[in-house]
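Student: Quick one, fold the following:
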Amino acid sequence: MAPSPLSPQRFSIAARLRSFRFAWAGVRHMLRHQHNAQIHLLITVAVCAAGAGIGLDRTEWLWIVLAIALVWVAEAFNTAFEYLCDVVEPDFHHGVEKAKDIAAGAVLIAAVAAAALGGLVFWPHLSLPP
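Tutor: Numbers count the residues shown, from 1 in each chain. Modelled structure (predicted):
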């Protein structure tokens, strides 16, 4: 009999490595199939290049990394939620539509917050000296 997924299992490096492979497979799938994730990737690369170009300090990078992570986590949860909704209710359902809209709204909130953080970090570097 297989152990219950809720029962404690012994630590295994091989199992941990497998879990990382599964996680990276999920990220790759999201990047291949979700257009918004592709846009997030382009913006992530552009922001990192701009930050390196203007020489952000350590504290500024902390805020930028936090903003980027916030958007990526929101996008990953939204993508997972949408897939799960499509499995649970493959036909149109008004409640599922609203749930998906709300999850997408969470990504929008994260993206707006990230843009605001980015603006606060980058603005002093872009403004002209007096």
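
Student: What residues of the host helix or strand of V27 count as buried?
Tutor: When secondary structure is defined by DSSP states H and E, V27 falls within helix 13-33. Neighbour counts using 16 or more other Cβ atoms under 10 Å place M30 of helix 13-33 among the buried residues. No exception for glycine: its C-beta is placed from N, CA and C like everyone else's.

Student: what pLDDT, on average, does the helix or strand following that helix get?
Tutor: For helix 13-33, the succeeding helix or strand toward the C-terminus, using DSSP H and E, is helix 35-54. Mean pLDDT, helix 35-54: 97.

Student: Identify the residue nearest L70 in space, chain neighbours excluded?
Tutor: Nearest residue to L70, sequence neighbours excluded (Cβ to Cβ, 6 or more residues apart in numbering): A110, at 4.8 Å.

Student: Could I get the buried residue list for the helix or strand hosting the one you found?
Tutor: A110 is located in helix 94-126, with elements delineated by DSSP H and E. Taking 16+ other Cβ under 10 Å as the neighbour-count basis, helix 94-126 is seen to contain the buried residues 96, 99, 103-104, 107, 110-111, 114, 117-118, 121-122.

Student: Out of those, which is nearest to V27?
Tutor: V107 (15.7 Å; Cβ to Cβ).

Student: ok, that closest one touching A74?
Tutor: Yes: with contact taken as Cβ atoms under 8 Å, V107 and A74 are classed as touching, separated by 4.5 Å.

Student: Show me the residue at the heart of this protein, geometrically.
Tutor: What sits nearest the mean C-alpha location of the chain, by Cα atoms, centre = their mean, is W72, with 1.3 Å.

Student: hang on, it packs against L41?
Tutor: No: with contact defined as Cβ under 8 Å, W72 does not count as touching L41 (9.0 Å).

Student: pLDDT below threshold where in this structure?
Tutor: 1-5, 128-130 (pLDDT under 70).

Student: Try it again at 80.
Tutor: 1-8, 127-130 (pLDDT under 80).

Student: quick one: P90 and D101, what's the gap?
Tutor: The spacing between P90 and D101, counted by Cβ to Cβ, to the nearest Å, is 18 Å.
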